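**Q** how would this look folded up:
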Amino acid sequence: SLLQEKMDKPLSDLSRAELDTLGFGPFGVDEVTHCYCTLPDGCKLALRVWAPRGALGSKDAWHLVADGVEGTEKYPTVLEYLPYRKSDYTAERDHRRHPWLASHGYVIIRADMRGAGDSDGVYYDEYLKQEQDDCVHLIDWIAAQPWSSGKVGMYGKSWGGFNGLQVAFRQPPALAAIITLYSTDNRFEDDIHWKGGCVLGGGMLSWAATMFCWDARPPQPQYNPDWKEVWQNRLEKAGECVVKTWLEHQTYDDYWKHGSVVEDTSKVDIPVLAIGGWHDGYTNCALRMAQTLPKCQTIVGPWSHNWPDEAIPGPNIGFMDECLQYWDQHLKGVDRGYDSKPKVRWYLCNGILPPGPSVTSWPGQWQAGDRSEGSDNLVLTLSDSHKMEQDSSKMSEPVSIAFSGNAGLMCGEWLSFGAPDLPGDQRVSSQFQACWYSGPLKTDLHIFGQPVITLECEVDTETAQIYCGLCHVLPDGGSRLLTYGLLNLNGIEPARKLTKGKVYTVKVMLDTIGYTVPAGTSLQLLVSPGSFPTSWPSPLPTRLAIRSGTLALPSTAVEKVEEGDIFVETQPRLGPSKSVDYLRTPVFQRNLTYGLSDNVRCITTKSDDGCKYYSDVDTEMDEVNEDRYSITGDDPTSAVAFSSRSCTITYQAHTANPIKTETITSSWMKSDEKKFILTNTLVTRLDGVDFFTKTWQETVPRNGI
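**A** Numbers count the residues shown, from 1 in each chain. All right, here's what the predicted structure looks like:
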């Protein structure tokens, strides 16, 4: 409680003793709230900078932490490079982390990308070459500054984790190490658009809609005298939703290969710390990169898509101390013993909790070693009477299952942020899928790695997919979804057209997990020809016949590992919260409606982010997001995804002349047997008057999808 009391005080009010308790270093900290780096083409990137007090020699710097020694040397820089608005949206979390690290003798730069936040230019799509070119120039600029030691590290989660890997691939000379959280080495196979060659029904449109609204927001007027012209230019040149582009690239082509470091892992030849979480969508790659990148170490916790010191589920770790130890080793050349740490540190969740939409903290234990999967392999064979057995028993006749609109109703969100958004009890939907069960386990089974399903199967349509889910059946009968995989069968055939009745042998890779199935409980395998909205349905109702199959589970023995031996700090230490007033409290709701008269099932996720007031920039931000996924009966062409986004930003909010801006988007995705049908509408207003409005109606042909 004493620690929390210190975290609730303004950073500038903390005494030296209080700063020490929170893990701050000896330096005072200066902040430059807004400045620019001018790129070779004249475009200006907006920056926010924290540094040891006095190190920058800038008249625009103010003493954020006055109690500390002065910086008199050259310092390494840690760069975070994002499209997410440094002046308001990321200001809260930046305030807790970046001054903390600066107090240990680092310059921290938080940059808005071209076309985003307070920077110049326009942004057209994620991870373009222009984005990487700009960052390479920015790193060169940083290394040439009088306060720079010439060493730069990149740090970030999600987008910032992606571009850290991508820029490392470009090998700018000053970039010495990166920390990448919740990112990927393969943009097609392990991202929010596609999975196993299938459209992610709950990810593709939702993420496109999010960036549709993000890209259409105006810059901060106090930093941009021509902000209205900048806003108008962004809307007219780059206002369109990018879902059409993502849907047009239906295989791992050059579009997806760009920015996928798996194309040549040897080019990422600097130290990499990769971080993933069991409740995040990007964990496969974190463990894979530990084996494929030349100098990569990996940590995987029980976390969702948030920082390891505050993510839900816990337990959390002292993430900022971990970063400090890593940066000291690789940017300052101080031997902190990081090279001797295990290649892989991962959390083994103990499967004693009932299925439900949220977990606060997983019971379990940390493990460590050099492998990214267990060294043992348990193989269960699908047999008659819905059993999975370790002996050589096989199925005497095929098991047939038809596509059902009910199969995916208990899915969770592809990208969990720790809200109550995890998969529900699979007993509700398993009756609409083919199921096999193991007998009660005689001993604890510690699964670590990617389970693999091998099936001999046939289908009755020319386009088809397979969904496989692995569940843990608890003593009370509840069924927790542990992991799942998707496979578009059409990827097997060069012409992307299946032959009805032909027997195909396929492997479905499930997402990696670290989970203990206790003795006395059982495993359940779910198989179906689609699971909406996890995946977008195939164009025709498919019947899948399974002739034989196996489930291979990588497993491991449990070692006694002391948490304090593998982490420099086991408890989170970071700075106090930024002063932000909540004018409306955030609310998250996820609901399922089941029409008894019209047979329409609909999953609705509403994320009201509340209304916040940022006093330092006199700005109010009000955001509400909603996603709906509906399907009628078992008709795959009735599937509909809808995403709405609303952001109202009021600048100069507490003055006599407030500036109210509204950005509202709506996005629809439907399909028939031949094509995807897209409708995207953008509405922007300035002080209640229409500023820019446009609707795009587009189609994308289906090619074996």
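**Q** quick one: end-to-end distance for stretch 545-563.
**A** 47 Å (C-alpha to C-alpha, to the nearest Å).
**Q** let me see the mean pLDDT of that stretch.
**A** Across stretch 545-563, the average pLDDT comes to 96.
**Q** chain center to that stretch: distance?
**A** 25 Å (C-alpha atoms, centre = their mean, to the nearest Å).
**Q** cool, and stretch 80-100?
**A** 17 Å.
**Q** what residues sit buried inside it?
**A** 80-91, 93-100 (16 or more other C-beta atoms under 10 Å). Using the backbone N, CA and C atoms, a C-beta is placed for each residue, glycine as well.
**Q** and if you look at stretch 581-591?
**A** Arg590.
**Q** and stretch 540-559, by the same measure?
**A** 540-542, 544-556.
**Q** hmm, Asn703 and Lys675 touching each other?
**A** No: counting by C-beta atoms under 8 Å, Lys675 does not reach Asn703; the two are 10.1 Å apart.
**Q** give me phi/psi at Val503?
**A** When read as degrees, to the nearest 10, the backbone of Val503 gives phi -90, psi 120.
**Q** all numbers from here: first residue = 557
**A** Shifting the count to begin at 557 puts that one at Val1059.
**Q** and it, how many neighbours?
**A** Residues near Val1059, counting by other C-beta atoms under 10 Å, number 12.
**Q** that one touches Glu1014, doesn't it?
**A** Yes: between Val1059 and Glu1014 there is a contact under C-beta under 8 Å: 5.2 Å.
**Q** now do the shared contacts for the two.
**A** Residues touching both Val1059 and Glu1014 (C-beta atoms under 8 Å, 6 or more residues apart in numbering): Arg1103.
**Q** and Val818, what does it touch?
**A** Taking C-beta under 8 Å, 6+ apart as the test, what Val818 contacts is Asp741, Asn742, Thr848.
**Q** so which of these belong to helices?
**A** Under the assignment DSSP state H, the contacts of Val818 contribute Thr848 to helices.
**Q** dump the contacts of Val818 into CSV; add neighbour count, pLDDT and distance to Cys991 as well.
**A** CSV is the format used below for those (neighbours: other C-beta atoms under 10 Å; pLDDT from 0 to 100; distance: C-beta to C-beta, whole Å):
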residue, neighbour count, pLDDT, distance to Cys991
Asp741, 28, 98, 34
Asn742, 18, 98, 31
Thr848, 15, 98, 35
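**Q** state the distance from Gln1080 to His1002.
**A** From Gln1080 across to His1002, the span is 18 Å (C-beta to C-beta, to the nearest Å).
**Q** cool, Arg649 as well?
**A** 34 Å.
**Q** surely Glu1012 forms part of a strand?
**A** Yes: read with DSSP: H, G, I helix; E, B strand; the rest coil, Glu1012 is one of the residues of a strand.
**Q** and it, what pLDDT?
**A** For Glu1012, the predicted pLDDT is 98.
**Q** give me the neighbour count for it.
**A** Quick note: Glu1012 (other C-beta under 10 Å) scores 17 neighbours.
**Q** bridging residues for it?
**A** On the basis of DSSP bridges, Glu1012 is bridged to Thr1061, Ser1104.
**Q** could I get the contacting residues of it?
**A** With C-beta under 8 Å, 6+ apart, Glu1012 has these contacts: Val1059, Tyr1060, Thr1061, Ile1102, Arg1103, Ser1104, Gly1105.
**Q** 10 Å instead?
**A** For Glu1012, the contact set (C-beta atoms under 10 Å, 6 or more residues apart in numbering) comprises 938, 951, 954, 1059-1062, 1101-1106.
**Q** JSON lines for these, including distance to Arg927?
**A** Listed next are these as JSON lines, based on distance: C-beta to C-beta, whole Å:
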{"residue": "Leu938", "distance to Arg927": "28"}
{"residue": "Met951", "distance to Arg927": "33"}
{"residue": "Pro954", "distance to Arg927": "37"}
{"residue": "Val1059", "distance to Arg927": "35"}
{"residue": "Tyr1060", "distance to Arg927": "31"}
{"residue": "Thr1061", "distance to Arg927": "28"}
{"residue": "Val1062", "distance to Arg927": "26"}
{"residue": "Ala1101", "distance to Arg927": "37"}
{"residue": "Ile1102", "distance to Arg927": "31"}
{"residue": "Arg1103", "distance to Arg927": "33"}
{"residue": "Ser1104", "distance to Arg927": "30"}
{"residue": "Gly1105", "distance to Arg927": "26"}
{"residue": "Thr1106", "distance to Arg927": "22"}
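**Q** those helices in the stretch 807-956 of the chain, which residues are they?
**A** Using DSSP state H, counting those that start in this stretch, the helices found in the stretch 807-956 of the chain span residues 810-813, 839-848, 875-887.
**Q** which one, of those, ends up nearest to Pro911?
**A** Pro911 sits nearest to helix 839-848 of all those, at 19.5 Å, using C-beta to C-beta.
**Q** now do the buried residues in that closest one.
**A** Using 16+ other C-beta under 10 Å as the test for burial, helix 839-848 gives Thr839, Asn840, Cys841, Ala842, Leu843, Arg844, Met845, Ala846.
**Q** neighbours around the residue lying closest to Pro1128 once chain neighbours are set aside, how many?
**A** If the residues on either side of it in the chain are set aside, Pro1128 comes closest to Asp865, at 3.5 Å by C-beta to C-beta, 6 or more residues apart in numbering. Counted with other C-beta under 10 Å, residues neighbouring Asp865 total 22.
**Q** again with the one 3 residues further on
**A** By the other C-beta under 10 Å criterion, the neighbourhood of Ile868 contains 19 residues.
**Q** wait, Thr1126 touches Gly874, no?
**A** Yes: using C-beta atoms under 10 Å, Thr1126 makes contact with Gly874 at a distance of 6.1 Å.
**Q** who has more neighbours, those two?
**A** A direct count of neighbours by other C-beta under 10 Å for Thr1126 and Gly874 places Gly874 higher, at 20 against 15.
**Q** look up phi and psi at the closest residue to the more buried one other than its chain neighbours.
**A** In space, Gly874 comes closest to Glu1125 once its chain neighbours are excluded; the distance is 2.7 Å by C-beta to C-beta, 6+ apart. When read as degrees, to the nearest 10, the backbone of Glu1125 gives phi -140, psi 130.
**Q** show me the contacts for Glu1125.
**A** Residues in contact with Glu1125 (C-beta under 10 Å, 6+ apart) are Gly579, Asp865, Ile873, Gly874, Phe875, Met876, Asp877, Glu878, Leu880, Gln881, Glu1119.
**Q** swap in Val723?
**A** Per C-beta under 10 Å, 6+ apart, neighbours of Val723: 635, 637, 687-692, 694-695, 708, 710, 731, 734, 824.
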